[in-house]
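Everything below, folded, please.
(one chain, ligands or ions: 1)
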Amino acid sequence: MENVVIIGSGPAGLTAGIYTSRAALNPILIAGLQPGGQLTTTSIVENWPGTPEGVDGNKLMQDMRAQAEKYGTRMMHGTVTKIEKIAGGFRLETDNGSIETKTVIVATGASAITLPLPNKEKLMGYGLSTCAVCDGFFYRNKVVAVVGGGDSAMEEAHYLAKLAASVTLVHRRDKFRASKAMQEKVFNNPKIKIIWNTEVVDTVADSSGLTGIVMKNSNGETSQLKVDGLFMAIGHNPNTEFLRGVIELDSQGYVLCKPGSTATSVAGIFAAGDVEDNKFRQAITSAGRGCQAALEAERFIEGHDH
Ligand code: NAP
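Numbering: from 1, shown residues only. Sure thing, here's the model as predicted:
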């Protein structure tokens, strides 16, 4: 039986890997569908302490992975489909077979939410996107819109403004919820136009993909905007489907942890990062929670080994 299996390879999972491997627990880390997590779809991370010039999101994750592997974290590809309680621990079903372990650290993060637009499935990748860093290249000198009012939307708009001919940021309220610093970047960018109090309700498309969006403002008036691309940056859902009925989740699907702890409702299962944090969701807070989960798993195992 393994000591600890970490599920997820974002800042929380990899930090848990660094700590548990340095504690000689010989962890297995299951990387999931998006190895490296959300930071691999971001550009420069400017708020990671110790990097006054900023750090490329992909590079940061590669370095974290190298550091976890250096101390002996065993990386495994694939996803976990099921967790069940067995004597002395848990059995995890993965697409690469099953693993038995004394403890589990869930660090599966969250995934982008999309608007319920007609033709969405058909147009994803043909004008609709949730990731400017991944798809921005295809919109060089083209006209794009971004929807959302949080940090992600600011970041997407700012990034796209470097490539696209113009960027229209469409937000449903008259205020952004993004941090002041990110808002300032957008307000000061002459290439970004903002449309307030407006929702994107439909798409216009031809055989090659998206050609425009239909918007509705708070007075109920609709209008069309010609765009080649629409980037949806309206938040995230926690990746917890496989945990339903296993541990307690809140009404939005986030893992519920005990106050001040990464312990979940089931002893031996810990959670860290965006999968349990609906409030801060920063790379640095996720990494901190990954460290906490690793230390708590270590203490749990010590208690059980006596
Ligand atoms: P978020 O903060 O939850 O913001 C989501 C935005 O989308 C809100 O402005 C919301 O509008 C809007 N929205 C939600 N559903 C919508 C719908 N159906 N139609 C239209 N608009 C909709 O999500 P996020 O921007 O992804 O950020 C998530 C977390 O990651 C935050 O804690 C953020 O600080 C962090 N983050 C940090 C950085 C950074 O520091 N560099 C970068 C990216 C993300 P309302 O405002 O009206 O609710």
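
tell me the helices in the stretch 51-200 of the chain, going along the chain?
57-70, 120-123, 132-135, 151-161, 180-187 (DSSP state H, counting those that start in this stretch).

between the ones you listed, which gets nearest to I195?
With Cβ to Cβ, the closest approach to I195 among those belongs to helix 151-161: 11.8 Å. Where C-beta positions appear, they are placed from N, C-alpha and C, glycine not excepted.

which residues are contacting the closest one?
Outside helix 151-161, the residues that touch it by Cβ atoms under 8 Å, 6 or more residues apart in numbering are 42-43, 132-133, 136, 139, 144, 146-148, 167, 169, 171, 176, 178-179, 182-183, 185-186, 189, 191-192, 231, 233-235.

On the pLDDT front, check D305 for me.
If you check D305, the pLDDT there is 51.

contacting residues for the nearest residue to G13 once chain neighbours are set aside?
Of all residues not flanking G13 in the chain, A107 sits nearest, at 3.7 Å (Cβ to Cβ, 6 or more residues apart in numbering). Counting by Cβ under 8 Å, 6+ apart, A107 touches 6-10, 12-13, 16, 271-273, 275, 286, 290, 293.

Make a ChimeraX selection of the buried ones in the contacts of helix 151-161.
Entered in ChimeraX, the line below selects the buried ones among the contacts of helix 151-161, by 16 or more other Cβ atoms under 10 Å:
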select :42,43,132,133,136,139,144,146,147,148,167,169,171,176,178,182,183,185,186,189,192,231,233,234
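
From the contacts of helix 151-161, pick out the ones that also neighbour the ligand.
V147, G148, A233, I234, G235 (Cβ under 6 Å from any ligand atom).

What parts of the stretch 51-200 of the chain come near the ligand?
So far as Cβ under 6 Å from any ligand atom goes, the stretch 51-200 of the chain lies against the ligand at 115, 147-153, 155, 172-173, 177, 199.

now the angle from the longest helix seen in the chain to helix 57-70?
In the chain, with assignment by DSSP state H, the single longest helix is helix 283-305. Angle of helix 283-305 versus helix 57-70, following axes from the mean of the first three to the mean of the last three Cα atoms, to 10 degrees, is 20 degrees.

Relative to the whole chain's centre, how far out is helix 283-305?
Centroid separation for helix 283-305 versus its chain: 20 Å, with Cα atoms, centre = their mean, to the nearest Å.

Give the other helices and strands that it contacts.
Judged by 3 or more Cβ pairs under 8 Å, 6 or more residues apart in numbering; DSSP states H and E, helix 283-305 is in contact with strand 2-7, helix 11-22, strand 97-106, strand 269-271.

Would you convert the residues of the stretch 51-200 of the chain next to the ligand into CSV that also reports pLDDT?
CSV is the format used below for these (pLDDT from 0 to 100):
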residue, pLDDT
L115, 97
V147, 98
G148, 98
G149, 98
G150, 96
D151, 93
S152, 92
A153, 97
E155, 94
R172, 98
R173, 98
R177, 97
E199, 98
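
List buried residues within these.
Looks like those have L115, V147, G148, G149, G150, D151, S152, A153, E155, R172, E199 buried, using 16+ other Cβ under 10 Å.

As CSV, those residues with distance to R244 would be great.
Conversion of these to CSV gives the following (distance: Cβ to Cβ, whole Å):
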residue, distance to R244
L115, 25
V147, 29
G148, 27
G149, 30
G150, 26
D151, 29
S152, 26
A153, 29
E155, 31
R172, 30
E199, 30
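
Which member of those is positioned nearest P52?
Distances from P52 to these, taken as Cβ to Cβ, are shortest for E155 (19.0 Å).
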